[in-house]
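Engineer: fold the stuff below for me.
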Amino acid sequence: KKPCSISNPIMSTRKQATTTIPSVIIFIYTLLLANELIDARTYHNSHASRLSQHENEPQHRNAQQKEQEALLNNNDSEEDSDNLDELVTIYSSCNDITADGMYYIKPLSDGPPLPVICSNGYVMMDGSLDIDVESYTNYLSSHDYGRYNKYYTLSGLDDLSSYRDWLLFADENTKFNVAPDCISCEPGQYDDNTVYYVDSHTYCFSGMITSGCIDDDEMYDYHSESCNQCDAGVWPDDSDRSITPWTKCMALQLDADHEINHDHMTCVAHGLTFHPVISNVRDACTCYQPQEEVTSYQVPRSELPLVTARHDQYTKYGFYVDDNMRFDPNYADDADPNGIDNRDTNIIYLYNSDFQDGTYRIKESGTYIIMEDIVFNFNAPTIEQMADDNFSPNSIDIDELYWYP
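Structural biologist: Residues are numbered from 1 along each chain as shown. Here you go, the predicted model:
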């Protein structure tokens, strides 16, 4: 095999950005990355919902997927002919709703309906109901995902908003509760001002190797937040979680006004930072309750977003499901929770041309065959740029993200 040329400044010296690596090393790296992804998925097996795959239309689709899309279109057509023009009443919050369960609300008059869980008069923000963040994006100052998957929606890394400021409908009077396992909204470590943040293991390429909850508060590794309650995370093997600090946390109880101290150097130098988070896998949910008067809205049924979850997932917990809820057929109660295995029928051949616009995302089951050595060029700088005395391959300027594929 001919070597595969990879141009990547973060792998090279200050004046050299091209490295030749044999294909076998690329293969080994791919296996290592896949193994890390599998390890990350292990924690979520008991929580993760089937994630939607609607980011971009795939270039290759098999007959079974086309058949599923046709079924979805037919379902919408039938609904159109029935009652999609019907007006339904939804409210601005859960304050006056006494039966805990799944409802649509409309937090802002100019925002879209949002599927939520109402619990104890609080709005439980359950990201699994809007897995593609089609509705939530209208109510967040920014949004992003973790490094490997869409299990968690968090604020953008350049967004230093506290949780309260992250939610566009929240104000200084808004109350916050937490719901471990997304079952019931209750006061947390900071009473009615408790929310969930995620630590930087999820979004940085390095993080604290051990817990930051140590006795010496003068040490660089010390982080007071590491001593807080973690409701979804990772602990040392066979440890007593009641007395042993966590090492990674996806649902850390913090004050709703907790300031973010994120910066690039901390992110790459084994530091520890935190960002507001909404879980899409129902391991822990933040709840909120506005203090202003509840407003009612008349909304066409067609404007109610499809819920990306299974009906029976919620009734088994005793939740009431409002009659207005519209469920995405891809998440129907009889849908295969393990997805479809198309490795034998969906054969896809990959060439350099498949990578010319950047990352090729595998979003459907199949057998992917690389037909030639792939030449990668991760936004490489020009020779003139590298010759500049101020050049750095680790630049975080938005126009100079050489390290970002």
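Engineer: so where do the helices sit in the stretch 151-300 of the chain?
Structural biologist: Along the stretch 151-300 of the chain, the segments classed as helices by DSSP state H, counting those that start in this stretch run 163-166, 264-268.
Engineer: in terms of mean pLDDT, which of those helices ranks lowest?
Structural biologist: Set side by side, the helices of the stretch 151-300 of the chain differ in mean pLDDT, and helix 264-268 is lowest with a mean of 68.
Engineer: count of residues packed around N177?
Structural biologist: Summarising burial for N177: neighbours were counted as other C-beta atoms under 10 Å, giving 26. To be clear about C-beta, it is placed using only N, CA and C from the backbone, and glycine gets the same treatment.
Engineer: likewise for P381?
Structural biologist: Neighbours of P381 using other C-beta under 10 Å come to 18.
Engineer: next: Y360.
Structural biologist: Neighbour number of Y360 under other C-beta under 10 Å is 14.
Engineer: and it, what element?
Structural biologist: Assigned by DSSP states H and E, Y360 falls within no helix or strand.
Engineer: how far away is the closest residue to it other than its chain neighbours from K363?
Structural biologist: Closest residue to Y360 in three dimensions, ignoring its sequence neighbours and counting by C-beta to C-beta, 6 or more residues apart in numbering: D354, at 5.1 Å. D354 is 13 Å from K363, where distance means C-beta to C-beta, to the nearest Å.
Engineer: what pairs with P276 across the strands?
Structural biologist: Y197 (DSSP bridges).
Engineer: on the pLDDT front, check it for me.
Structural biologist: Confidence score, pLDDT, at P276: 96.
Engineer: so how far is S93 from E293?
Structural biologist: For E293, the distance to S93 - C-beta to C-beta - is 10 Å.
Engineer: of those two, who's got more company?
Structural biologist: Each of E293 and S93 has its neighbours counted (other C-beta under 10 Å); S93 has more, 24 against 9.
Engineer: before we move on, back to that, okay, the residue nearest to Y360 and L160: tell me how far apart.
Structural biologist: 37 Å.
Engineer: so the residue nearest to Y360 sits in a helix?
Structural biologist: Yes. Counting by DSSP: H, G, I helix; E, B strand; the rest coil, D354 is located in a helix.
Engineer: please tell me I have it right and S141 contacts S162.
Structural biologist: No. S141 is beyond contact range of S162, at 10.3 Å (criterion: C-beta atoms under 8 Å).
Engineer: so which of the two has more stuff around it?
Structural biologist: S162 (19 against 14).
Engineer: check contacts around that one.
Structural biologist: A256, D257, H258, E259, I260, P276 (C-beta atoms under 8 Å, 6 or more residues apart in numbering).
Engineer: repeat the analysis, applying 6 Å as the threshold.
Structural biologist: D257, H258 (C-beta atoms under 6 Å, 6 or more residues apart in numbering).
Engineer: for it, what are phi and psi?
Structural biologist: Backbone dihedrals for S162, given as degrees, to the nearest 10, come out at phi -70, psi 170.
Engineer: what's the answer for the one 10 residues further on, then?
Structural biologist: E172 adopts backbone torsions of phi -70, psi -20, taken as degrees, to the nearest 10.
Engineer: got it, and Q313?
Structural biologist: phi -60, psi -30.
Engineer: let me see the confidence value for it.
Structural biologist: 82.
Engineer: separation between it and M250?
Structural biologist: 20 Å.
Engineer: those two: which is more packed in?
Structural biologist: A count of neighbours by other C-beta under 10 Å puts M250 above the other of Q313 and M250, at 28 against 16.
Engineer: need the contact list for the closest residue to the more buried one other than its chain neighbours.
Structural biologist: Distance criterion C-beta to C-beta, 6+ apart; nearest residue to M250, sequence neighbours excluded, is A232 at 4.7 Å. For A232, the contact set (C-beta under 6 Å, 6+ apart) comprises M250, A251, D283, A284.
Engineer: phi and psi next, for the closest residue in space to P115 that isn't next to it in sequence.
Structural biologist: In space, P115 comes closest to L129 once its chain neighbours are excluded; the distance is 4.1 Å by C-beta to C-beta, 6+ apart. Dihedral angles of L129 (phi, psi; degrees, to the nearest 10) stand at phi -80, psi -20.
Engineer: quick one, what contacts L129?
Structural biologist: P115, V307, A309.
Engineer: roughly how far does it sit from M371?
Structural biologist: 41 Å.
Engineer: could you do Y349 as well?
Structural biologist: 5 Å.
Engineer: contact partners for the closest residue to A170 other than its chain neighbours?
Structural biologist: Once flanking residues are discounted, A170 sits nearest to R164: 5.0 Å by C-beta to C-beta, 6+ apart. When contacts are counted by C-beta under 6 Å, 6+ apart, R164 is found next to A170, A256, D257.
Engineer: tally of neighbours for the first one?
Structural biologist: Going back to what we said before, that points to A170. Quick note: A170 (other C-beta under 10 Å) scores 20 neighbours.
Engineer: now the second one
Structural biologist: Each residue near A256 was counted by other C-beta under 10 Å, and the total is 23.
Engineer: from what I see, it and D165 are in contact.
Structural biologist: No. Contact between A256 and D165 fails when scored by C-beta atoms under 6 Å: they sit 9.3 Å apart.
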